[in-house]
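Participant: task: produce atomic coordinates for the following.
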Amino acid sequence: MELLSECKASEIFEGQVVVYKHLYAYLDSMCLKWCLDLNMPDIIHNHGQPITLHHLASTLQVPPSKIDGVRRFMRHLAHNGFFHITRLLHDDNEEKEAYALTIASKLLVKGTQHSLAPMSKCVLDPTLSGSNNLSFVGGDMFLSIPHAHAILLKWILHDWDDEHCVKILKKCKDAILNDVKGGKVIIIDTVINENHEEHELTQLKLRMDIMMTHVNGKERSQEELKKLFLKAGFQNYKISPLTGIYSLIEVYP
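Facilitator: Modelled structure (predicted):
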C-alpha cells in the first residue's frame, strides 16, 4: 500500500514545505552572515535615509553585472524582516526601490546600546572565539560567591547541565542566607513555554536549545527550572516576562 495514498494532495504539499523549509534553513544564517560581513545595517544607518539599490551596490563596489544579485539578496532579507522595501522619488521624478532599516536590522548596527552585532557575528562565525575579537577571563564560580542581598545570574544557567546549575544555585543560596533577610536570586534567562507562546517564539527558543547542546547546556521550561530551584533548597520563585526571548526569574530561599 502506498504510504501517502490516503493523504490529500494539499496535505502532501504542506509536508513538502516543512521538509524543504528545514533543508534550506541554513541559507537564512548564511545571508545574515553576509549582511553583517558587508556592514549593510551600518551603511543604511549612516546613509540617513532609505538607500536605493544602485546606491547600495555602488557603496559595496558591486559590478553592474551583479546588481540583480544584490536585489534578490535584499528581497530575501526584507522578506525575513531585516529590511523594509520602500519607494523613493529620484531626481528624474522616477520612483526607485529603496531599503530602510527595521527593528531587527537596527539591532545589528554596531556600537549602539542594544547592538546584537558582536554576538551575532560570534554565533555565525565560531572561529572568532579566542581570536583578537574575543578574550576570555578565567574564574570558577563554583568555589565561592560573595555575600549579597540579591545575586544576578544573567544568561548563566543555560550554559550548564542540571548538576552544575544546582551547585551554582546552592552557592547563591548560601551567600544570600549569610546576608540580610529578604534576599533573592535574580535570573535573566530563556524559559520555554510551548503551550502559551506563539509558534515562532517557541521555535526560536527550541533552536537556541539545540545550539546549547554543544556546551552541554540547555534552555529549560518552567517545570524544569522549578525542579532545579527545589533541589537547590529554594522555597519559592516568580517568573515574569522581560522581552520576547527572555524572562525575569526571582528565586527566594
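
Participant: who's in contact with the least confident helix or strand in the chain by mean pLDDT?
Facilitator: When the helices and strands of the chain are scored by mean pLDDT, DSSP states H and E, strand 150-154 comes last with a mean of 77. Residues from elsewhere that reach strand 150-154, judged by C-beta atoms under 8 Å, 6 or more residues apart in numbering: 145, 168, 172, 175, 176, 183, 184, 185, 186, 187, 188, 189. Bear in mind the C-beta positions are built from the backbone N, C-alpha and C, glycine included.

Participant: go through those and flag which are in helices.
Facilitator: Those of the contacts of strand 150-154 mapping onto helices are 168, 172, 175, 176, per DSSP state H.

Participant: most neighbours, which of those residues?
Facilitator: Most neighbours among the ones in helices among the contacts of strand 150-154, by other C-beta atoms under 10 Å: residue 172, with 26 neighbours.

Participant: helices along this structure, start to end?
Facilitator: Using DSSP H, helices in the chain cover 9-23, 26-37, 40-47, 53-59, 67-79, 103-106, 117-124, 162-177, 199-212, 222-231.

Participant: want to throw those into TSV with mean pLDDT and distance to residue 2?
Facilitator: Formatted as TSV, those follow (pLDDT from 0 to 100; distance: least, C-beta to C-beta, whole Å):
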stretch	mean pLDDT	distance to residue 2
helix 9-23	86	11
helix 26-37	91	32
helix 40-47	97	48
helix 53-59	94	48
helix 67-79	92	35
helix 103-106	96	44
helix 117-124	85	42
helix 162-177	89	45
helix 199-212	86	31
helix 222-231	94	41
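
Participant: closest to residue 249 out of those?
Facilitator: For those, proximity to residue 249 was assessed by C-beta to C-beta; helix 222-231 is nearest, at 6.9 Å.

Participant: if you count neighbours, what's buried in that closest one?
Facilitator: For helix 222-231, a neighbour-count test (16 or more other C-beta atoms under 10 Å) marks 225, 228, 229 as buried.

Participant: so which elements touch that helix?
Facilitator: helix 162-177, strand 236-241 (3 or more C-beta pairs under 8 Å, 6 or more residues apart in numbering; DSSP states H and E).

Participant: repeat that for 6 Å
Facilitator: helix 162-177 (3 or more C-beta pairs under 6 Å, 6 or more residues apart in numbering; DSSP states H and E).

Participant: which strands and helices lie in contact with the helix it packs on?
Facilitator: By 3+ C-beta pairs under 6 Å, 6+ apart, helix 162-177 packs against helix 222-231.

Participant: neighbours of the closest residue to residue 233 other than its chain neighbours, just the number please.
Facilitator: Computed as C-beta to C-beta, 6 or more residues apart in numbering, the closest residue to residue 233 that is not its neighbour in sequence is residue 173, at 5.6 Å. Using other C-beta under 10 Å, residue 173 is surrounded by 21 other residues.

Participant: just confirm residue 173 contacts residue 251, I think it does.
Facilitator: No: Residue 173 is beyond contact range of residue 251, at 8.5 Å (criterion: C-beta atoms under 6 Å).

Participant: before we move on, back to that, list the buried residues for the least confident helix or strand of the chain?
Facilitator: Buried, per 16+ other C-beta under 10 Å, within strand 150-154: 151, 153.

Participant: same question for stretch 176-190.
Facilitator: For stretch 176-190, by 16+ other C-beta under 10 Å, it's 176, 183, 184, 185, 187, 188, 189, 190.

Participant: likewise for stretch 30-39?
Facilitator: Those would be 31, 32, 35, 36, 38, 39, for stretch 30-39 by 16+ other C-beta under 10 Å.

Participant: now swap in stretch 82-95 and tell me
Facilitator: 82, 83, 85, 88.
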